[in-house]
Each structure stands twice: as structure tokens, then as C-alpha cells.
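Chemist: A predicted structure for the sequence below; I have some questions about it.
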Amino acid sequence: MPGSRLALRVAARAGLAAGVAGALVVAPSALAQHSVSVPKTTITVLAGKPSELAFKLSKLSNIRPGTIVFKVTNDGVAYHTFKICTSVAKSDAANACKGKVTPLLKHGKSATLTVVLKKKGQYEFLCTVAGHAAAGMKGLIGVGVKVSPTALAAPKDTATSSSSGSSSSPSPSPSPAPAPAPAPAPAPAPGGGGGAASECPPGQTIAANGPGDQDDDDTGAVSDGDGCI
């Protein structure tokens, strides 16, 4: 009997030691399963670049589903925010959505925005300052997909739309008025010289008397008055 009890005690101790060893083998694998972290993607965002009402993101397409960290800096002059919508969108035409947004950022200020997007698709981002999204300060990111350029809405530009309706061709310059034709020179008065009216008394005219006249008033020379009648 004493030998049997001793054997039982030894067996029990051996079983306990084996159980502890098994626990030590299983515990690390179980701990490793609990320590697996959700994949994270970090995206830098510049507000006010490349223009005042625009964003510049370090990555837009094929973002890994999971946790996404947006590191936002306002590099513009005006105040801006950055909002990421949390519902899949077909385009960025909405200009408003439900999601997470940074505080209002002054020039040079930064903020970090963390969201979890597990569903594949396109998600809109925008500035929530009044009028900024409608003017084009928005866009799309693709989680697990590539962003389609056709999904991006063109910003409204009233100046462009008003001036692009119709173009009028410049009116031709008026043709210069033709110069008036010079007045014809008056025909010489008969009798030549100073004219018949000045060579004869009033009411008389020169009469050509032929060569017997002894002068040339009948051919246009100055008259001596003898030919006046």
C-alpha cells in the first residue's frame, strides 16, 4: 500500500508538470493572436495646395482597408478644414456628408484625423468652410480601389461659365471716307490776260478783229480796248 500511494503521488506530480509545460507552450501563441494590430495607412494632406481652394494628398488610390490616419496641415492663406466622409460615394458632387472633420485650421496649423474604413469603395473628402467645397476644395480617395477621374465633379466657376457662352468677333474698322475729288479748274475767260470782264468797259465784250488789229487780243493776249463792242 505505501508503495502504491507513492507511485500515485509521483504520477500526479508528473501530470501537473506536463500541464504546466503545455500551458507555457500554448500561452505565447494565444498572446500573439491578441497582439495583432489593425493595419494602418498614413496619408499627409496639404490644404491650400496646389491652389488656395484645393487639397494635395500623398495617396489617393488603392488604400488598404482598415485604419487610415490623415495628417493635415493648412498651407493656404485662408482658414480650412479637412473632412473625410465615412460612406461610400459614387462622386464628390455632394459637398456635404457624415464623417469626421478636423478643427478649423489657420495658416500653418496641423491636425490628425483617424478613421476606420473597411468597406472597399470611393470616399469623399472636402473642406467644410462655407463655399469652399462648391468651389472645388474636395475630392475622392479609393479604399481598395482606384479613383475614377470621371467621378470627380468640375468646380463651379461663374466667371468662366459667363464668359464661355458665345464669343463675338471684333467689328471691322470703318473704311476711310474717299477724299473729295479736286474741283476742276475754271476755263480761261476769252481774251486771255486778266479776262474779258476786266479788259472791256461794263456791258462790252472783246470782238476779234483779226490781224488788222495790230495786237494779239483776238488770240488771248491782253487787249488794248479797241476790240470791245
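Modeler: Good, I have the coordinates. Numbers count the residues shown, from 1 in each chain.
Chemist: From residue 79, how far out is residue 70?
Modeler: For residue 70, the distance to residue 79 (CB to CB, to the nearest Å) stands at 18 Å. C-beta here means a position set from N, CA and C on the backbone, and glycine is covered the same way.
Chemist: how about the residue nearest to residue 76 when sequence neighbours are not counted, what does it touch?
Modeler: Excluding the flanking residues, the one nearest residue 76 by CB to CB, 6 or more residues apart in numbering is residue 48, at 1.8 Å. Residue 48 makes contact with 54, 74, 75, 76, 77, 78, 80, 107, according to CB atoms under 8 Å, 6 or more residues apart in numbering.
Chemist: In contact with the last one, which residues?
Modeler: Translated: residue 107. Residues in contact with residue 107 (CB under 8 Å, 6+ apart) are 48, 74, 75, 76, 77, 78.
Chemist: Go ahead and confirm the fifth one touches residue 52.
Modeler: Think residue 77. Yes - Residue 77 is within contact range of residue 52, at 6.3 Å (criterion: CB atoms under 8 Å).
Chemist: higher neighbour count, those two?
Modeler: More neighbours surround residue 52 than the other of residue 77 and residue 52, with 15 against 10 (other CB atoms under 10 Å).
Chemist: quick one: contacts for the nearest residue to that one once chain neighbours are set aside?
Modeler: Nearest residue to residue 52, sequence neighbours excluded (CB to CB, 6+ apart): residue 76, at 5.0 Å. Shown in contact with residue 76 (CB under 8 Å, 6+ apart): 47, 48, 49, 52, 107.
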